[in-house]
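Undergrad: Give me coordinates for this.
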Amino acid sequence: MRGGADTELWSIDADGSNHVKVLDDATGPAWAPSRLTFAYQMDDDASVENGIYLAAPDGSSTQKLTDDAENSDLEWSPDGKQLVFLDLDYKLSFYGVESGNVSTTTRTGHNPAWSGGPIGPYPEAVLYTAETDPDWSINAMNPANGNIVPWGFTLLGKSAGQHVHPDVHTGTNRVVFAYNDTDNALYDLFLYDPASDTLTRLTNTPNTNEVWPTFSPDGTRIAFISHPGIYGDHNLFVIDDDGSNRTQVTQLSGSRLKFPDWS
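TA: Sure, this is the predicted structure:
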């Protein structure tokens, strides 16, 4: 997604070829597990902002799902039956794809991500960034009832700092996220593997923000947005899941890219 005065959805191959605009006035794409459609947010008129829509891979056959005002941070359940999003008050909410029903929890946060398997004793959970001043943590919530799920995950062995933009690989339940500690205002990427209870640092860029990581469907690669400082040019990068083979995909100037997602 390109941001600015107007937002646009673009697609691009991982090697930087076939850079194609898909939709105008759209943001926050989230591919369904089937990869046959994607959800996104769009400003469709002056009174209804950021309703959730579906579209075919080429941006055609759009279908409006909701009128909710702040449907940022879309994420599909692994079975493709639900979407989790934020309402106007940043409360985590769910849209039933088959029923069309919307339910809202009491939990507020950002960047929801559906687990790819059990979290503790629960068959699944929604991870999200919980904002606490000055530190932000990644919490887990039971999507069935909105209760917090204790999962014993203490990032970097300490609570200080900001942990944001989690993404979970459905096949392995590994979590990639962006983190900055209190001594560095810029973010780097880390990967947590619950099977081995290990944490791997993927990037180490003191003068660059590395944010919005997202796993490829096979879990071997991670796309993310990188930009120098706070207001530098935003570009798309891809890295292997062990932190190797860092590749710059776009070479854009004056762009504010956000919300990458793999088709």
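Undergrad: Report pLDDT for Phe225.
TA: Check again: residue 225 is Ile, not Phe. Note on Ile225: pLDDT of 94.
Undergrad: Please identify the buried residues of the helix or strand harbouring it?
TA: Secondary structure assigned from DSSP states H and E places Ile225 in strand 221-228. Within strand 221-228, the residues scored as buried using 16 or more other C-beta atoms under 10 Å are 221-227. Where you see a C-beta, it was placed from the backbone N, CA and C, and this is true even at glycine.
Undergrad: cool, and stretch 100-111?
TA: For stretch 100-111, the neighbour count (16+ other C-beta under 10 Å) marks 102, 104-105, 107, 109-111 as buried.
Undergrad: Over to stretch 215-222?
TA: Neighbour counts over stretch 215-222 (16+ other C-beta under 10 Å) mark 215-216, 219, 221-222 as buried.
Undergrad: which residues sit against that stretch?
TA: 14, 35, 167-169, 171-172, 174, 176, 189, 191, 202, 213-214, 223, 238-241, 262 (C-beta atoms under 8 Å, 6 or more residues apart in numbering).
Undergrad: Pull the distance from that stretch to the chain's centre.
TA: Mean C-alpha position of stretch 215-222 versus that of the full chain (C-alpha atoms, centre = their mean, to the nearest Å) differs by 13 Å.
Undergrad: and the end-to-end length of it?
TA: For stretch 215-222, the first-to-last residue distance is 5 Å (C-alpha to C-alpha, to the nearest Å).
Undergrad: same question, stretch 253-261
TA: 21 Å.
Undergrad: So what's the gap between that stretch and the chain middle?
TA: Distance, stretch centre to chain centre, for stretch 253-261: 13 Å (C-alpha atoms, centre = their mean).
Undergrad: swap in stretch 224-237?
TA: Stretch 224-237 sits 16 Å away from the centroid of its parent chain (C-alpha atoms, centre = their mean).
Undergrad: Over to stretch 208-216?
TA: How far stretch 208-216 lies from its chain's middle: 9 Å, per C-alpha atoms, centre = their mean.
Undergrad: and what of stretch 117-124?
TA: Taking C-alpha atoms, centre = their mean, one finds stretch 117-124 lying 20 Å from the centre of the chain it belongs to.
Undergrad: tell me the mean pLDDT for that stretch?
TA: The average pLDDT within stretch 117-124 is 79.
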